[in-house]
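J.: kindly generate the corresponding structure for this input.
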Amino acid sequence: MVIKKDGKRQRFDSQKLLQGLLKACEKRPVPLSELEEIVEEIEAMLQERSEKEIATSEIGRHVMERLKALDKVAYVRFASVYREFKDVLEFKKELEVLLKEK
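T.: Numbering: from 1, shown residues only. Take a look at the predicted model:
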């Protein structure tokens, strides 16, 4: 089970996660196999855990780490939704962090 930001609980849905990744990677040179691998990694991580519940924020952090290494544009797109960017300044801050890491 995943615990959403509003406290609601629902079953982990690998297809929902894959759809989010596909949206973030739209028109990017990211192979579908890479996205499926991310989903498989997360599923494996969840199965290995002793706890039966996980916060969506923890799943999101893992996804963002993988996307950051895979495609920076997809990473920023995913982060903007995951972190609920409110304005352009939040985008700018995230981009500045990425540029400093280079």
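J.: what's the helix or strand for the most centrally placed residue in the chain?
T.: Computing the C-alpha centroid of the chain and ranking residues by Cα atoms, centre = their mean puts Val63 first, at 3.4 Å. Secondary structure assignment for Val63, by DSSP states H and E: helix 56-70.
J.: can you list contacts of that helix?
T.: Applying Cβ atoms under 8 Å, 6 or more residues apart in numbering, the contact partners of helix 56-70 are 2-5, 17, 20-21, 24, 30, 34, 38, 41-42, 45, 74-75, 78-79, 82, 98. All C-beta atoms are positioned from the backbone trio N, CA, C, and that covers glycine.
J.: let's go with 7 Å and repeat that
T.: With contact meaning Cβ atoms under 7 Å, 6 or more residues apart in numbering, helix 56-70 is reached by 2-5, 24, 30, 34, 38, 42, 45, 74-75, 78-79, 82.
J.: from Arg77, how far out is the residue nearest to the centre of the chain?
T.: Val63 is 12 Å from Arg77, where distance means Cβ to Cβ, to the nearest Å.
J.: for the helix or strand bottoming out on mean pLDDT in the chain, which helices and strands make contact with it?
T.: In the chain, the helix or strand scored least confidently by mean pLDDT, DSSP states H and E is helix 88-101, which has a mean of 84. If you count contacts as 3 or more Cβ pairs under 7 Å, 6 or more residues apart in numbering; DSSP states H and E, helix 88-101 packs onto helix 72-82.
J.: between the helix it packs on and helix 88-101, how big is the angle?
T.: Relative orientation of helix 72-82 and helix 88-101, computed by axes from the mean of the first three to the mean of the last three Cα atoms, to 10 degrees: 140 degrees.
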